[in-house]
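Colleague: coords below, sequence missing:
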């Protein structure tokens, strides 16, 4: 036998409404926090992954070029050092 109690029905309806309201507030708070985080990160000077990779490749190319120039300079200095050393011997 099931009895209907108006007080219990009203209480259950109120709890369901409260649960729905709290869930909605949670979704809204989460959305707001995400937007605030995007604004915070967007205001900082971060670079994208693509920009980072491009600069990384440029730095590697510059390093390779500098190494090649250093080797060339060392070779030229080695030749001039040998000439001055033989001139001193004469």
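Modeller: Perfect, I can see it now. What you see is a predicted model, and the numbers here were worked out from it, not measured in a lab. Numbers count the residues shown, from 1 in each chain.
Colleague: Could you use CA atoms for every contact and neighbour count after this?
Modeller: OK.
Colleague: so where do the helices sit in this structure?
Modeller: 6-43, 49-89 (DSSP state H).
Colleague: Export these to a markdown table and append columns for mean neighbour count and mean pLDDT.
Modeller: Listed next are the helices of the chain as a markdown table, based on neighbours: other Cα atoms under 10 Å; pLDDT from 0 to 100:
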| stretch | mean neighbour count | mean pLDDT |
| --- | --- | --- |
| helix 6-43 | 11 | 88 |
| helix 49-89 | 11 | 86 |
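Colleague: domains of the protein?
Modeller: 1-45, 47-90 (automatic domain parsing).
Colleague: from the chain's centre, how far out does the first one sit?
Modeller: Spelled out, it's domain 1-45. 32 Å (Cα atoms, centre = their mean, to the nearest Å).
Colleague: try the shortest one
Modeller: Between the mean C-alpha point of domain 47-90 and the mean C-alpha point of its chain there is a distance of 33 Å (Cα atoms, centre = their mean).
Colleague: Let the chain start at 503 from now.
Modeller: Noted, 503 is the first residue going forward, which turns the last one into domain 549-592.
Colleague: I'd like the distance between residue 581 and residue 570.
Modeller: 17 Å (Cα to Cα, to the nearest Å).
Colleague: now swap in residue 561 and tell me
Modeller: For residue 561, the distance to residue 570 - Cα to Cα - is 14 Å.
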